[in-house]
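# Based on what follows, work out the 3D shape:
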Amino acid sequence: MFSQIASSVLFLSTLTSALPVMKRAPVEFNNFQLKVYSADPAVDGLFVTPYHEGAGFNTAFAISSSTSTYNLTGGALLANIPGTLVYNGEVIPTNEEATLNSLQFNIDAGATGFSFDESGFLQYNQSHHWLSCHNIGDPYNYPEASIAFQVGSIPGNCEAAFIVKV
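This next block holds a predicted model:
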């Protein structure tokens, strides 16, 4: 049985390797806002907004209104923060165990891997593992929930969330 499966896999891989590779052009969106949908009623329906955390560093938080807009181009998520620069989106480890990564917008090169699925939900590396978290140790101790990306199990101070383009 194993040999039949192995030879079928080998045949299919040989067949598909001969086919031309077709790539879709990256989808670009301009001047949209991001909204949070979460099981946490304190966060559900709020807007994703970068808050200043240091020289060129802005952590994404969920607040009731936002003047920030975003662009998605080539897999990069860019934040347009009024009166400042355009910042590059990144998912950066928040704790030493790297089990939680915060969504940040910084002046460095940023990351690619951001996209929207067919329902308009924000993905990072084709995954929806977003969280809204309270008290993750941001330097200014903002009372708002920050937006993070789940790497391990969900910490007790976080709830699963979806981020949607509006």
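# The helix-or-strand element of the chain with minimal mean pLDDT: what's the following helix or strand?
None of the helices or strands of the chain scores lower by mean pLDDT, DSSP states H and E than helix 2-17, at a mean of 31. The first helix or strand that comes after helix 2-17 along the chain, using DSSP states H and E, is strand 29-32.
# And that next one, what does it pack against?
The elements that strand 29-32 packs onto, with contact taken as 3 or more CB pairs under 8 Å, 6 or more residues apart in numbering; DSSP states H and E, are strand 69-73. C-beta here means a position set from N, CA and C on the backbone, and glycine is covered the same way.
# Output the strand it packs on as CSV, restricted to C-alpha atoms.
Below are the C-alpha coordinates for strand 69-73, written out as CSV (Å, rounded to 0.1, in the frame of the first residue of the first chain):
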residue,chain,number,x,y,z
THR,A,69,-5.2,55.1,7.4
TYR,A,70,-3.3,52.2,5.9
ASN,A,71,-2.0,51.0,2.5
LEU,A,72,-1.2,47.4,1.6
THR,A,73,1.3,47.1,-1.2
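# tell me the mean pLDDT for that strand?
With pLDDT averaged residue by residue, strand 69-73 scores 92.
# Give me the distance from that strand to the chain's centre.
Remark: strand 69-73 is offset 12 Å from the chain centroid, using CA atoms, centre = their mean, to the nearest Å.
# ok, it: who's next to it in the sheet?
strand 29-32 (antiparallel), strand 76-80 (antiparallel) (DSSP bridges).
# Could you pull up the mean pLDDT of the last one?
Here the mean pLDDT over strand 76-80 is 91, rounded to a whole number.
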